[in-house]
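> Quick one: sequence plus predicted model below, questions after.
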Amino acid sequence: MKDLIEFMAKALVDDPSSVEIKEIAGEKGNVYELKVAQEDIGKVIGKRGKTVAAMRTILKAASTKLGKKADLEIIE
């Protein structure tokens, strides 16, 4: 899952080296915290949050296929 998020985020931002993903394991599933450069946050979120919503949909579909739960948070 972490690789999937990293792949999507690096494709969107201008500075791929600034992409950081932290995985937090919880009792109901994993939470992934995505941190990018300050000037790239808008590109990851997208207009009205459509880009991050699409990323979350892909993540949830992939995690469901593996029988797990996952969520994505953007860290500023």
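Yep, that arrived. Numbers count the residues shown, from 1 in each chain.

> Can you spell out which helices and strands pack onto the longest helix along the chain?
As assigned by DSSP state H, the longest helix anywhere in the chain is helix 50-65. The contact analysis (3 or more CB pairs under 8 Å, 6 or more residues apart in numbering; DSSP states H and E) places helix 50-65 against helix 2-12, helix 41-45, strand 70-75. To be clear about C-beta, it is placed using only N, CA and C from the backbone, and glycine gets the same treatment.

> how far out from the middle of the chain is the second one?
Just to be clear, that refers to helix 41-45. Centroid displacement of helix 41-45 relative to its chain, using CA atoms, centre = their mean, to the nearest Å, is 11 Å.

> on that earlier part again, next, the buried residues of the longest helix of the chain.
Thr51, Val52, Met55, Arg56, Leu59, Lys60, Ser63 (16 or more other CB atoms under 10 Å).

> How far off centre is it?
Counting by CA atoms, centre = their mean, helix 50-65 comes out at 8 Å from the chain centroid.

> what is the rounded mean pLDDT of that helix?
For helix 50-65, mean pLDDT is 95.

> residue contacts, Ser63?
Residues counted as contacts of Ser63 (CB atoms under 8 Å, 6 or more residues apart in numbering) are Met1, Gly29, Asn30, Lys69, Ala70.

> redo that, cut-off 6 Å
The contact partners of Ser63, by CB atoms under 6 Å, 6 or more residues apart in numbering, come to Ala70.

> Regarding the residue of the chain most remote from its centre, what is its secondary structure?
Centroid-distance maximum for the chain: Glu27 at 19.5 Å, with CA atoms, centre = their mean. At Glu27 the chain is in coil, as set by DSSP: H, G, I helix; E, B strand; the rest coil.
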